[in-house]
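Enquirer: I'd like to go over a predicted model; first the sequence, then the structure.
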Amino acid sequence: MELKDAMAISAMGMKAQGQRMRVVSENLANADTAPGTPNEEPYRRKVVTFKNTLDKELGVDTVSVDRIKKDSSDFRMKYDPHHPAADANGNVRLPNVNPLIEMMDMREAQRSYEANVGAIELSRQMMMKTIELLRTQ
């Protein structure tokens, strides 16, 4: 594998993790968003799935976002009979977003992103060292 291939693989990883961080940010921003009426559904958490994709130009597998799907887990319920979205029992359906889980997902995506940045930097340094060695000969 050439150094430019390693850089391309890392760049695709950075792109995928960047998309994941955007989805997690959206989930966090809507964690406490309640619907306006009892019949309206609250925000539903989104989850990113990845897939390996063959880059035919490079001849290597890279990672990419497969799809962004909605989490089908149950909504949180909160008793608030005065809320406009409360049902007949006084319960309000809230998003199925757990901020703690989202923060852990964000941290994992951030670390993966940083690892890819580090791999690109190492590849760049190796390329520069190779050029330097070729100049001195």
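Expert: Received, thanks. Residues are numbered from 1 along each chain as shown.
Enquirer: pLDDT weak spots in the protein?
Expert: 1 (pLDDT under 70).
Enquirer: can you map out the strands along this protein?
Expert: All strands of the chain, identified by DSSP state E, fall at 46-55, 60-70, 76-79, 91-94.
Enquirer: got those as a markdown table, with distance to D5 and mean neighbour count columns?
Expert: Any C-beta I mention is one placed from the backbone N, CA and C, and that applies to glycine too. Listed next are the strands of the chain as a markdown table, based on distance: least, C-beta to C-beta, whole Å; neighbours: other C-beta atoms under 10 Å:
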| stretch | distance to D5 | mean neighbour count |
| --- | --- | --- |
| strand 46-55 | 9 | 14 |
| strand 60-70 | 6 | 14 |
| strand 76-79 | 45 | 13 |
| strand 91-94 | 46 | 19 |
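Enquirer: Okay, the most centrally placed residue in the chain and G13: tell me how far apart.
Expert: For the chain, R20 is the residue whose C-alpha lies nearest the centre (C-alpha atoms, centre = their mean; 1.2 Å). Note on R20: its distance to G13, by C-beta to C-beta, to the nearest Å, is 11 Å.
Enquirer: Make TSV from the strands of the chain and add distance to M126 to it.
Expert: Putting the strands of the chain into TSV (distance: least, C-beta to C-beta, whole Å) gives the following:
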stretch	distance to M126
strand 46-55	21
strand 60-70	17
strand 76-79	49
strand 91-94	50
